[in-house]
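Asks: What would the 3D arrangement of this be:
(chains A, B, C and D)
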Amino acid sequence: MRTAIVGIGWSGFRPSVPELSFTEMMYEAAVRAYEDAGVDARRDVDVFVSCQEDFWEGIAINDEFAPDPVGGVMRPTVTVAGDGLQCVGQAYMMIRSGLAELVAVEAHGKPSDVKTLQEIYELALDPQLRALKPGNPFFLAGLDAVAYMRRSGARREHFALVAVKNRRRGLRNPRASHAASIELKAVLNARPAIYPLTRHEIAGFTDAAISVVMASEQKARELRSEPIWLEGIWWSTEVGSGSVEWHEWGSMPSARLAAKEAYRQAGLKDPRRQTDFAEVEDRFSFMELLFLEELGMAPEGAHKLLESGYFDAEGSYPVNPSGGSLSLGTSFEATGLMRLLEAVLQLRGEAGGVQLRGAERAVVASWRGVPSYTSAVAVLGR
Amino acid sequence: MNRRGGRGELLHVEGSMEADKYVYPPGVLGSEAAKALAEGKLTGIRCGEKLIVPPRPYCPDHSKGELVEVRGPWIVESFTIVYEDMYGNMLETPQVIAVLRHEDAEGSIVHFLKAEKPRVGMRTRPVFKSPEERNGTLGDILYFEPAEQASKK
Amino acid sequence: MRTNVHVKKRVAIVGAGLTLFARRLLETPAELAWEAASRALGSAGLALKDIDCVVIGSAVDGFDGVHMKGEHIADGAGGLLRPTVRVAMGGGTGVMVPIAAWWHVASGLCKTVLAVGEEKMSHAYPHPQAVFAYIWHPILERPLGPNLIWIFALEMAWYMRECKASKEDIALVSVKNKRNALDNPHAQAAANITVEDVLKSETLVWPVQLLDISPVSDGAAALVLADESVARRITDTPVWIEGVGFALDSSFWYNRDLSYPRYVEQAARMAYKMAGIERPWKEIDIAEPHDPFDYKELHNLEGLMLARKCEAPRLLKEGHFERSGELPTSPSGGLLGMGNPIAASGLMKTAELFWQLRYEAGARQVKKAVHKAVASSWGGLMQTSTVIVLSR
Amino acid sequence: MEIPGKYVREEELRKMKGVIEYVPKAKYSYSAGQALSVFLRGLKEGKILGKRCSSCGRILLPPREFCESCFSPAGEWLELPQTGRVETASVSYISAKRGKLERPEIVAIIRLDAPGYRGDEPEFPGIFHRLCGVSEEDVMSGRVFGARVRARWRPAEQRAGSITDIECFERW
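Replies: Now for the predicted structure:
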């Protein structure tokens, strides 16, 4: 049984959205998604899924506030503490199991409401690591970056090149509030933030809410003449945030495993030839290259292909044509859905200034961020 | 009464989500490892053929491990230098943090590295706080230093 | 809304395991998860390598004091190098875990799932209650300085008035469940007490007294789920998941009648429909309704349609819900007798039914023959219900 | 049967090596947004403002931008009467952190006298607040249930645009 994305909606996409509460943002995104799908939330949607975490929200048991703004009151509503793509995965399973025909998935982030972001990230570290006071919880990404350089032969210049590519590309995307016209030299000469990364290579934060409506094949055909098919989706956790020392540094096995199963579901043997573009993890510049390797997109070495322009929007295999997280920012558990949103709009031909030509199939891959080692991968097709 | 959302009049309400404090017990196996650490010994667990560091109460395959002392040298597998915090403020002194792996072990220790020029592959050893200052946490180690240097503590 | 319309695959529970429930355990959260998971795997005769997928349940990060708690305990829960996901629905988490694990298997994408619930509430100081101060709306409610029990007291008072139930009537739940727990080696608060003891205990927020409430607890529970082919291969007595249901009511809890939990009924109807149950009060043999507070068991029993509205107190008095009664409820000892490590407690209830349906509950085994069972967990601002129906 | 789990006393824990204490820093500035900003400003002016759902006609108090039952945008603002009836009440002897209170607090759900409501609907415009001028005995005896109450406001100069601008609801 196939599963499709029949509606998508969003709200926010600015570093700060002071005029709306998080529930008002959720409502706006949900209304747009239901309108896009042509469904009535109260009558048609079988199950509602929301992805969120308490400390991001500043509310304990925050699922309390999940149902009202998405139309899920007195309906089957479930909250998952994971990236939005994991929620899409839950919906996918519900539809495949026959539990539901139409599922609404929601994720949101309002980092501008959090006054102590660094300390919240710190609270996610194992107490032992916290006690060291490492200065910036993102140090874990720095450890991966150096190990990746060592393993792959990529240099700092390659990482900077990713930042330049994605930040510049975002200038064409109205949702990309962190886009910048920036030169390679400026990135490399900037004050280092976390070696080997400068601040231009670390994505900023964005307030955003995204809603996605998913349907069974039959329902999808009733609703749309051209739904976007979710051909495969999977996720994996490599090590826990309480056992980061077991991580395979400079690699992302969770992305590798998630991709393997997502490709199997989608029937892909050679993902780079069988798909047309990818929206992948890039909240730290080097992650884009690391992910492309783990996704099997660059057996020759991702940095070499990057150098040759292979992953440019005009290149052979566009990667992050939306501008990626470096341009769009990250938004807690909504980050994976940001990539999904951009891919869906792209496949539908609704991507405006960042539209590619003739894209039929895409890979979406997202990591859950520091200090997790969880990733999710989806394959979408027209 | 019908005035709506003039930007200056939008309200934000301050709040927190803080317990007064958290007290984390070390765990069953962790309390043994903590005792060893306070005595200046690093430990791991023996899982069949494998040696796993740091010691967790179980092996990756969920079987029960046995706590064993692990002596160096500790080899730098990766490192990073933290120059600024997440808010963009420079740290007073940049912090060098490294992944330190034992030759025979899977897993590694993440800790500070004090070296003129940190590099991958460097052999290091831990420098401990004085015995009376130790409390059985990772902070009992001040940092790792190149093994060829004389200990300063 | 049309749920459960095309469900085809059968899903079984094939193993269960618990840790001790207690106020302060030496174990770390991951260690607790590991203990429960290992026991569940052991009871199913499986090893971790046999597990395809992992579902973690944990309610409130503020208790363990670790943000992204699911990631934190992923290793202990057996979730490494596997698809691992965490559901979080406050008090409703416990039964949501086997529900989420159910769709992992029913989708055909996982053949075996390890479902683990963990809560370590003793990390938080000065008292875990302090963390509950943050469950309220940060703008509309928190400035009033509410404690957790306010809301229950308001609901209990409403229920008592609406159903003309006395404190004595309700205290019987606590007496029954704590007594049932005497036979449960995992229990924290097993005791032989009387209604008098409950009425003499410290009044926290009238009408809620100390012995009306389940104690704060640390602990973990785990189940192993499998698809039909695996289940048939590894056990002669699989317990089938016949129905799942869940519902969330509005977060505006003071905009609605709290004397009856309509959201519990909604979730129950969803689960019963899938299980093909039309007259739950006749067809269900045994129940583990959520009982963090004594009145809550009665409230849930009515919502689960196992008693008519306001009828539960009378049935309780008549012995209907005893282990020897017509519809034994909380034979495990419930949360009142076992303690309440939130996410683990709902899973514990499902585990208890698993043992009861296999006639493996030992001293706790109910008198009557059992075929169909229901467990529920409840949570949020009087709004969450998760329901699971099991059969032999 | 051996049950996993090792109970420790507080004193034992204190003596143990490897115990970590941590003081969390989790601070927020919650955006009130469109609906609640207006509501809070109304409180500052001594008004209880609600919204009406333009689709089902329900009065939404606390006000929100959308009606969660029909999932449609909420309609016009209206000022609600400051009187109502106690639906349920309780007496708290403990603080939010489980400390003992010197004086017990009495809190209630109040159904406001909203236009177009009979007063027995299962869904109603309601408010959660303290009661004053009510004794513990009034609550325990059940006398307070159904009692008529009205908002008692803090003096205008002390109001801050918070739910506590209403001091309590008092009998009248």
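Asks: can you list the residues of chain D near chain B?
Replies: Where proximity means CB under 8 Å from any CB of the partner chain, the interface of chain D facing chain B comprises D:6, D:8, D:13, D:16-34, D:36-38, D:40-42, D:47, D:49, D:76-77, D:79, D:97, D:161-162. No exception for glycine: its C-beta is placed from N, CA and C like everyone else's.
Asks: Now, those that are in strands?
Replies: Members of the residues of chain D next to chain B lying in strands (criterion: DSSP state E): D:20-22, D:27-31, D:49, D:76-77, D:79.
Asks: Kindly indicate the member of those with the most neighbours.
Replies: In terms of neighbour count, D:S31 stands highest of these at 27 neighbours, by other CB atoms under 10 Å in any protein chain shown.
Asks: Determine which two of the ones in strands among the residues of chain D next to chain B are furthest apart.
Replies: Greatest spacing in those, by CB to CB: D:I20 and D:E76 (54.6 Å).
Asks: quick one: contacts for the residue in the stretch 1-150 of chain A that chain D sits nearest to?
Replies: As assessed by CB to the nearest CB, chain D sits closest to A:S21 within the stretch 1-150 of chain A, at 2.9 Å. Listed by CB atoms under 8 Å, 6 or more residues apart in numbering or on different chains, the contact set of A:S21 reads D:30-36.
Asks: try it again with 7 Å
Replies: Residues counted as contacts of A:S21 (CB atoms under 7 Å, 6 or more residues apart in numbering or on different chains) are D:31-33, D:36.
Asks: Save the ones in strands among the residues of chain D next to chain B as CSV, and put in distance to C:E311 and pLDDT too.
Replies: Formatted as CSV, these follow (distance: CB to CB, whole Å; pLDDT from 0 to 100):
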residue, distance to C:E311, pLDDT
D:I20, 51, 96
D:E21, 50, 96
D:Y22, 49, 97
D:K27, 48, 98
D:Y28, 44, 98
D:S29, 48, 97
D:Y30, 42, 97
D:S31, 46, 97
D:L49, 41, 96
D:E76, 43, 93
D:W77, 43, 95
D:E79, 42, 96
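Asks: where does C:L172 land in three-state SS?
Replies: helix (DSSP: H, G, I helix; E, B strand; the rest coil).
Asks: if you skip the residues just before and after it, what's nearest to it?
Replies: Nearest non-adjacent residue to C:L172, counting by CB to CB, 6 or more residues apart in numbering or on different chains: C:L316, 5.3 Å away.
Asks: Distance of the one you found relative to D:K15?
Replies: Distance, C:L316 to D:K15, using CB to CB, to the nearest Å: 46 Å.
Asks: between the two, who's got more neighbours?
Replies: C:L316 (25 against 8).
Asks: Could you pull up the contacting residues of the more buried one?
Replies: Contacts of C:L316 by CB under 7 Å, 6+ apart are C:172-173, C:298.
Asks: Out of the residues you listed, flag the one nearest to C:I73.
Replies: Nearest to C:I73 among these, with distances taken as CB to CB, is C:V173, at 31.9 Å.
Asks: can you tell me how far the closest residue to A:G232 other than its chain neighbours sits from A:I95?
Replies: Leaving aside its sequence neighbours, A:G232 sits nearest to A:Q265 (CB to CB, 6+ apart; 3.2 Å). In this view, A:Q265 and A:I95 are 13 Å apart by CB to CB.
Asks: who touches A:M149 in this structure?
Replies: A:155, A:196.
Asks: Just the pLDDT at D:L43, thanks.
Replies: D:L43 carries a pLDDT value of 96.
Asks: contacting residues for the residue lying closest to it once chain neighbours are set aside?
Replies: Leaving aside its sequence neighbours, D:L43 sits nearest to D:D165 (CB to CB, 6+ apart; 4.2 Å). Shown in contact with D:D165 (CB under 7 Å, 6+ apart): D:43-44, D:153-154, D:159.
Asks: The same query, at a cut-off of 6 Å, please.
Replies: D:D165 sits next to D:43, D:154, D:159 when contact means CB atoms under 6 Å, 6 or more residues apart in numbering or on different chains.
Asks: Quick one: list the elements packing against the helix or strand where the residue nearest to A:G232 lies.
Replies: Per DSSP states H and E, A:Q265 falls inside helix A:253-266. Contact here means 3 or more CB pairs under 6 Å, 6 or more residues apart in numbering or on different chains; DSSP states H and E; on that basis helix A:253-266 packs against strand A:228-237, helix A:285-294, strand A:374-381.
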